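J.: Fold the following for me, if possible:
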Amino acid sequence: MTARRLVFLDVDGTIVDHRQRLSPSVAEAVRRARAKGHLVHLCTGRSRREIPDSVAAIGFDGAVTAGGGFVEFGDDLVAGFTMPPAAVIELVAFLRDRGIEYNLQGYEEVYPSENLFERVRPLFEGDIARERDVAGSRDMKTLELRMAYRGPAPAEGIAKATFFGSDPGTFAIVRDGLGDRFHVITGTIPYLGEAGGEVSMPGVHKGAAIERLAEHLGMSTDDAIGIGDSYNDLEMLQMCGVGIAMGNADDTAKSYADEVTTDVDDDGVWNAFERHGLL
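T.: Numbering: from 1, shown residues only. As a prediction, this is how the structure comes out:
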């Protein structure tokens with residue numbers, strides 16, 4: 001048998017496509033790999049509350065969530081890398097003053113800004129919504145409920161913010177305004193491009209979370225395989241002994257990867273697992 005491996009899978013663009021449709025072969029690939037003793041984890045920019053039911057139902061050994069903000073193994077929270085309260089207050093004030101909608105991610109809860117759902121509603125309508133499968137549509141209904149404003153967010157326990165602007169210059173505004181004190185990236189939200197992105201503290205990313213989990217398990221990151229497609233996967237692709245970009249990944253992600261598999265809708269995860277003897 002292949003030596004036991006740590007495996008990390010991004011969600012959007014890797015397990016599901018950007019219309020929230022689950023790649024049919026992923027569940028079987030994960031099931032087979034775990035049956036052979038490999039430890040398969042989610043590694044996502046989503047919080048644990050935002051993981052689609054169709055994805056969670058696959059079954060994983062653990063998860064890196066909020067882009068590296070939280071590290072879970074089994075039922076245990078191994079590590080949490082949250083923002084100082086003063087940083088959360090500064091971030092919220094910055095985004096609010098510029099009319100930029102956002103979603104703050106804690107460990108067990110998310111905190112949408114007041115008008116977030118109205119900002120993203122167009123992404124869930126029209127051809128995109130009609131083409132979702134039943135499971136994907138159910139996930140989107142759940143997401144709509146989670147985007148409802150429930151009052152001001154706490155300043156404690158927040159690991160990351162996802163921001164949603166209305167024009168392509170939004171990322172530059174956030175980067176130039178916060179980039180010396182925060183880690184700001186773009187290209188992680190489907191259909192928004194540089195109108196959206198993510199904000200966390202410097203040094204908080206998927207790669208650092210993977211290193212922490214490997215240490216917790218007494219394993220080496222040399223034995224890790226990471227599969228992803230976007231800017232918040234770059235550190236994961238570098239940290240893992242084998243970094244694999246999806247065929248549908250952007251060119252930057254591919255440049256950070258050791259190899260490229262097929263697209264999310266062409267059994268990309270399955271083919272990568274098979275190539276590395278995980279099945």
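J.: State the paired neighbours of the helix or strand where residue 72 lies in the sheet, together with their directions.
T.: Under the criterion DSSP states H and E, the helix or strand holding residue 72 is strand 70-73. Applying DSSP bridges to the sheet, strand 70-73 is found paired with strand 62-65 (antiparallel), strand 76-80 (antiparallel).
J.: Any idea how far the shortest one is from the middle of the chain?
T.: Distance of strand 62-65 from its chain centroid, counting by C-alpha atoms, centre = their mean, to the nearest Å, is 9 Å.
J.: How about the longest one?
T.: Shown here is strand 76-80, whose average C-alpha point lies 17 Å from the average C-alpha point of the whole chain (C-alpha atoms, centre = their mean).
J.: Buried ones in it, by neighbour count?
T.: By 16 or more other C-beta atoms under 10 Å, the buried positions in strand 76-80 come out as 78-80. (Each C-beta comes from the backbone N, C-alpha and C, glycine too.)
J.: The shortest one now?
T.: Residues of strand 62-65 classed as buried: 62-65 (neighbour count, 16+ other C-beta under 10 Å).
J.: Lowest-scoring secondary structure element of this protein by mean pLDDT?
T.: helix 126-130 (a mean of 49; mean pLDDT, DSSP states H and E).
J.: Helices of the stretch 101-250 of the chain, residue ranges please.
T.: Using DSSP state H, counting those that start in this stretch, the helices assigned to the stretch 101-250 of the chain run over residues 116-120, 126-130, 134-146, 170-178, 206-217, 234-239.
J.: which residues are in contact with the last one?
T.: Contacts of helix 234-239 from elsewhere in the structure, counted by C-beta atoms under 8 Å, 6 or more residues apart in numbering, are 8, 10, 43, 68, 205-208, 210-211, 221, 224, 226, 228, 243-245, 252-253, 256-258.
J.: Only whichever of these are buried, select them in PyMOL.
T.: Buried subset of the contacts of helix 234-239, written as a PyMOL selection, criterion 16+ other C-beta under 10 Å:
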select buried, resi 8+10+43+68+205+206+207+208+210+211+221+224+226+228+243+244+245+253+256+257
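J.: out of the contacts of helix 234-239, which are inside strands?
T.: If you go by DSSP state E, the contacts of helix 234-239 have 8, 43, 224, 226, 228, 243-245 in strands.
J.: Just flag the most distant two among those residues.
T.: Spatially, the most separated pair among the ones in strands among the contacts of helix 234-239 is 224 and 245, at 15.1 Å (C-beta to C-beta).
J.: Which parts of this structure belong to which domain?
T.: What automatic domain parsing lists as the domains of the chain is 6-81+204-275, 85-200.
J.: rank these by mean pLDDT and give me the bottom one.
T.: Out of those, domain 85-200 stands lowest, with a mean of 83 (criterion: mean pLDDT).
J.: quick revisit: save the ones in strands among the contacts of helix 234-239 as TSV, and put in distance to residue 215 too.
T.: Shown next, in TSV, are those (distance: C-beta to C-beta, whole Å):
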residue	distance to residue 215
8	15
43	16
224	12
226	16
228	21
243	19
244	22
245	25
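J.: so which of those residues comes closest to residue 151?
T.: Closest to residue 151, out of all of the ones in strands among the contacts of helix 234-239 and judged by C-beta to C-beta, is residue 43, at 30.7 Å.
J.: circling back: can I get the buried residues of strand 62-65 in JSON lines with distance to residue 156?
T.: What follows is the buried residues of strand 62-65, written out as JSON lines (distance: C-beta to C-beta, whole Å):
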{"residue": "62", "distance to residue 156": "24"}
{"residue": "63", "distance to residue 156": "22"}
{"residue": "64", "distance to residue 156": "21"}
{"residue": "65", "distance to residue 156": "17"}
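J.: before we move on, back to that, can you tell me which of the domains of the chain is most buried?
T.: domain 6-81+204-275 (a mean of 21; mean count of other C-beta atoms under 10 Å).
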